[in-house]
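1. Need a 3D model of the sequence below.
(chains A, B, C and D)
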There are 2 protein chains.
Amino acid sequence: MTRQRRVLVQIIQSADGHLDAVALWQRAQERDPAINKVTVYRTLGLLKKFGLVDELDLMHLEGGKHYYEAKATRDHIHLACIKCGRIQEFESVLFEKLKGQIERERQFQISTVRVEAGGLCDRCR
Amino acid sequence: MTRQRRVLVQIIQSADGHLDAVALWQRAQERDPAINKVTVYRTLGLLKKFGLVDELDLMHLEGGKHYYEAKATRDHIHLACIKCGRIQEFESVLFEKLKGQIERERQFQISTVRVEAGGLCDRCR
DNA sequence: ATAACTGCAAATCTTTTGCTTACAG
DNA sequence: CTGTAAGCAAAAGATTTGCAGTTAT
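-> Down below sits the predicted model:
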């Protein structure tokens, strides 16, 4: 557990939105100007591997980059508005049931699930 | 409607698995050696825009590339085994209900949904 | 001490853009 | 004809790798 990792983990934990690797790196630089982008990628790789963060694509609204968020206690769905870019989160017991169905019917042991919907949000439709 | 587009659309339509842009380009070259990779990207962009193909990430099992498949009549979920890499597809009425719930409760007009689960398949667990 | 981690530079890979030529309708 | 698409080269952006020096434990 190094200084750099502490900084990165804390930023991810306390972030309100969804950060991509470069945005995370920029925020980290505010606290530790020497921190390297490569370290960010390597740390994200680790956190992902240990299931501490979720990796999102948010329907590629902004190209091919990936976004990260601290793994929540409860999985949630991301709704990405293709017009205004707003990202909403959504929880549902149906989603929980769906996961259960997958594990049961396919004997598939889920370690990560990602649900992303693209479309028009209530404000934009 | 050009020769190149016809080739590309036909490959996507008849593909059994999930192709990334480069794999699609390679298959296209077998039929039309002069076809350019850029044309593949541009055509994929169009097909995506018109909702004729779905773009997947398959849990980034192989890095940051994207995969494409012809939009099916019925949405389905992708299950990616993190051990053997096998991709399974899964349909469910629960999934359909979940989409309905999102549209109703959030007044969100879904144009594309993507559900991907990573974990261990029945053979690997 | 020593195994793991960081920084730096450079490589790799995917995707996008500008511009000219070619082709479909 | 005329607008749209394709090809080519080059750019841009994201992520990964090799290696030498540094740090956590």
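2. is it true that A:Glu62 lies in a strand?
-> No - under DSSP: H, G, I helix; E, B strand; the rest coil, A:Glu62 sits outside any strand and is assigned coil.
3. residues contacting the nearest residue to A:Val40 once chain neighbours are set aside?
-> Distances taken as C-beta to C-beta, 6 or more residues apart in numbering or on different chains place A:Trp25 nearest to A:Val40, at 4.5 Å, with adjacent residues excluded. C-beta: built from backbone N, CA, C; applies to glycine. Residues near A:Trp25 by C-beta atoms under 8 Å, 6 or more residues apart in numbering or on different chains: A:35, A:37, A:40.
4. which of those tops the neighbour count?
-> Highest neighbour count within the contacts of A:Trp25, by other C-beta atoms under 10 Å in any protein chain shown: A:Val40, with 25 neighbours.
5. and the nearest residue to A:Arg114 once chain neighbours are set aside, what are its phi and psi?
-> Using C-beta to C-beta, 6+ apart and skipping residues adjacent in sequence, the residue nearest A:Arg114 is B:Glu116, 5.1 Å away. B:Glu116 adopts backbone torsions of phi -130, psi 130, taken as degrees, to the nearest 10.
6. I'd guessed B:Glu116 sits against B:Leu56; true?
-> Yes - with contact defined as C-beta atoms under 8 Å, B:Glu116 reaches B:Leu56; the gap is 6.8 Å.
7. what kind of secondary structure is the residue sitting furthest away from the middle of chain A in?
-> The outermost residue of chain A, judged against the average C-alpha position, is A:Glu105 (27.2 Å), by C-alpha atoms, centre = their mean. Following three-state DSSP, the label given to A:Glu105 is helix.
8. hang on, the earlier thing: joint contacts of B:Glu116 and B:Leu56?
-> Common neighbours of B:Glu116 and B:Leu56 (C-beta under 8 Å, 6+ apart) are B:His78.
9. hey, where'd the helices end up in chain A?
-> Secondary structure of chain A by DSSP state H: the helices cover A:3-14, A:21-31, A:37-49, A:93-106.
10. Could you dump the ones you listed into a markdown table with distance to B:Gln109 added?
-> Compiled in a markdown table, these are given as follows (distance: least, C-beta to C-beta, whole Å):
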| stretch | distance to B:Gln109 |
| --- | --- |
| helix A:3-14 | 31 |
| helix A:21-31 | 28 |
| helix A:37-49 | 32 |
| helix A:93-106 | 19 |
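11. Near DNA strand D, which residues of chain A? Just list them.
-> For chain A, the residues in contact with DNA strand D (C-beta under 7 Å from any atom of the strand) are A:1-3, A:20-22, A:37-38, A:41-42, A:45, A:63-66.
12. Report the two of those separated the most.
-> With C-beta to C-beta as the measure, no two of the residues of chain A next to DNA strand D lie farther apart than A:Met1 and A:Gly63, at 32.9 Å.
13. how far away is A:Arg6 from A:Ala28?
-> A:Arg6 is 10 Å from A:Ala28, where distance means C-beta to C-beta, to the nearest Å.
14. between these two, who's got more neighbours?
-> Comparing A:Arg6 with A:Ala28 by other C-beta under 10 Å, the one with more neighbours is A:Ala28, at 24 against 12.
15. For the more buried one, list the residues it contacts.
-> A:4, A:7-8, A:11, A:35, A:40.
16. Let's see that with 7 Å instead.
-> A:7-8, A:11, A:35, A:40 (C-beta atoms under 7 Å, 6 or more residues apart in numbering or on different chains).
17. Name the nearest of the residues you listed relative to DNA strand C.
-> Distance to DNA strand C, by C-beta to the nearest atom of the strand, is smallest for A:Ile35 among the contacts of A:Ala28, at 4.5 Å.
18. ok, for the closest one, nearest residue in space, not its chain neighbours?
-> A:Ala28 (4.8 Å).
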